[in-house]
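Asks: Got a sequence here, can you build the structure:
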Amino acid sequence: MENEAIQSARGRPMDPKVHEAILSATMKLLETQSVGELTIKGIADAAGVTRPAIYRRWSTPTEIALDAFLETADREIPIQVGGDPIKALAEHILAMTRFMKSERGRVVTELLGAAQSDPELLALFRERFLEQRRRLGRSLFQDGIDRDAFDTNLDINLAIDLYAGPIYHRALAGHETLTDAFAERLADYVLRAIGAERSAITKQ
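Replies: Numbers count the residues shown, from 1 in each chain. The predicted model follows:
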């Protein structure tokens, strides 16, 4: 019985290579499938692992998709702390814009759209994707405050909303395109709103 196999598998240490294979296979499948079309069997077959190996880590295909995109976002939307905070913020906004206009961003919008009618999925999205990205954003702004680049009275959560809101809005509504030029303008608006100067930055 598969349930017995699952229970037995839970007693063994988890192989990080298997974990990575599952996430990579999920990312590959999402190039041609929607989140709703994913199945545990399909992911297991694509990753070359057993279904019990997946159930030891996740309960649903959607959870796997969330974790796969969290890992991808960490690589493709970097947060640089320790250098020039103003430049780091502008580069972060550009990276986030490029991510959201890519195929990976398309899946994020699918997840967020589906989550509006699924409270459990919404909670997972907030916990595993949105809150993780916001924690990194807070570290960027805190670094800027510590380096006297940003106002010490800055409302960090609101500052994150200032740049993230327009990007997600364009990605979800599709009323305007996500471009590098948009990201540059958005960075300028955000920096002016928080009282920072960008004159020292050479735009790419």
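Asks: isn't M100 right up against Y168?
Replies: Yes - with contact defined as CB atoms under 8 Å, M100 reaches Y168; the gap is 7.2 Å. All C-beta atoms are positioned from the backbone trio N, CA, C, and that covers glycine.
Asks: more neighbours, the two?
Replies: M100 (22 against 18; other CB atoms under 10 Å).
Asks: show me the contacts for that one.
Replies: 108-109, 167-168, 170-171, 178 (CB atoms under 8 Å, 6 or more residues apart in numbering).
Asks: Just the buried positions in the longest helix belonging to the chain, please.
Replies: Taking DSSP state H as the criterion, the chain has its longest helix at helix 156-173. Neighbour counts over helix 156-173 (16 or more other CB atoms under 10 Å) mark 156, 159-160, 162-164, 166-168, 170-171 as buried.
Asks: Format these as a markdown table; extra columns: pLDDT and distance to A90.
Replies: Listed next are those as a markdown table, based on pLDDT from 0 to 100; distance: CB to CB, whole Å:
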| residue | pLDDT | distance to A90 |
| --- | --- | --- |
| I156 | 96 | 17 |
| A159 | 96 | 13 |
| I160 | 97 | 15 |
| L162 | 96 | 13 |
| Y163 | 96 | 10 |
| A164 | 95 | 14 |
| P166 | 97 | 14 |
| I167 | 96 | 13 |
| Y168 | 92 | 18 |
| R170 | 94 | 18 |
| A171 | 91 | 19 |
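Asks: now, which of these sits nearest S34?
Replies: A171 (15.7 Å; CB to CB).
Asks: My guess is that closest one contacts V108. True?
Replies: Yes - judged on CB under 8 Å, A171 makes contact with V108 at a distance of 7.4 Å.
Asks: coming back round to it: buried stuff in the following helix or strand past the longest helix of the chain?
Replies: Under the assignment DSSP states H and E, the closest C-terminal helix or strand after helix 156-173 is helix 180-193. For helix 180-193, the neighbour count (16+ other CB under 10 Å) marks 182-184, 186-187, 190-191 as buried.
Asks: counting contacts, what elements does helix 180-193 pack onto?
Replies: With contacts taken as 3 or more CB pairs under 8 Å, 6 or more residues apart in numbering; DSSP states H and E, helix 180-193 sits against helix 85-100, helix 156-173.
Asks: what's the angle between it and helix 156-173?
Replies: Relative orientation of helix 180-193 versus helix 156-173 (axes from the mean of the first three to the mean of the last three CA atoms, to 10 degrees): 160 degrees.
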